[in-house]
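Novice: The following block contains a protein sequence and its predicted model.
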There are 2 protein chains.
Amino acid sequence: MTRLKVTVFPKTGVLDPQGKAIERALAGLDFAGVGEVRVGKVMIVELAETDAARAKATGEEMARKLLANTVIESFTVEVM
Amino acid sequence: MTRLKVTVFPKTGVLDPQGKAIERALAGLDFAGVGEVRVGKVMIVELAETDAARAKATGEEMARKLLANTVIESFTVEVM
């Protein structure tokens, strides 16, 4: 079994309203010196595949087809 | 400036409906051998603080107060 970590973030330049909301909320809680906040998703996917390279390729296909919206999001796939 | 990566996942045993939906969607896309999928959030937070230990402590406080619901979620804070 292989576990993949797929991380998805809005691309640079794409507005990240969740991140902006967190910036404001942190300021409201009196956290000082907070700069930009970006919010992404992370998915741990268990695969029966035992070959790491093939598992990673499958993870990238999953990201392109389902897990990420590649128009506005970029993704990384790591074998854990 | 310090960048923190705060990762938040549902605790083991807590139902993860997003993960279940992705499992089903991947099966529907004919990906074989998919086991459990867990979905979490990841936040990159820029802090003016330059001391890594203090930045990490601040990040943990942010997670406890705002970024994670510690009743059902666990979090990790890494200095990037």
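Specialist: Looks like it arrived, so ask away. Computed from a predicted structure; not experimentally measured.
Novice: Please give me every residue in contact with residue A:51.
Specialist: By C-beta atoms under 8 Å, 6 or more residues apart in numbering or on different chains, the contact list for residue A:51 reads residue A:2. All C-beta atoms are positioned from the backbone trio N, CA, C, and that covers glycine.
Novice: what's the helix or strand for residue A:55?
Specialist: Using DSSP states H and E, residue A:55 sits in helix A:52-62.
Novice: now that helix: how far from the chain's centre is it?
Specialist: Put simply, helix A:52-62 sits 16 Å off its chain's centre (C-alpha atoms, centre = their mean, to the nearest Å).
Novice: And the helix or strand hosting residue A:24, what does it pack against?
Specialist: Following DSSP H and E, one finds residue A:24 within helix A:17-28. Counting contacts by 3 or more C-beta pairs under 8 Å, 6 or more residues apart in numbering or on different chains; DSSP states H and E, helix A:17-28 packs against strand A:34-47, strand B:34-47.
Novice: and that helix, what's its mean pLDDT?
Specialist: The predicted model gives helix A:17-28 an average pLDDT of 96.
Novice: List the contacts of that helix.
Specialist: Applying C-beta under 8 Å, 6+ apart, the contact partners of helix A:17-28 are A:10, A:34, A:36, A:37, A:38, A:39, B:43, B:45, B:62, B:66, B:67.
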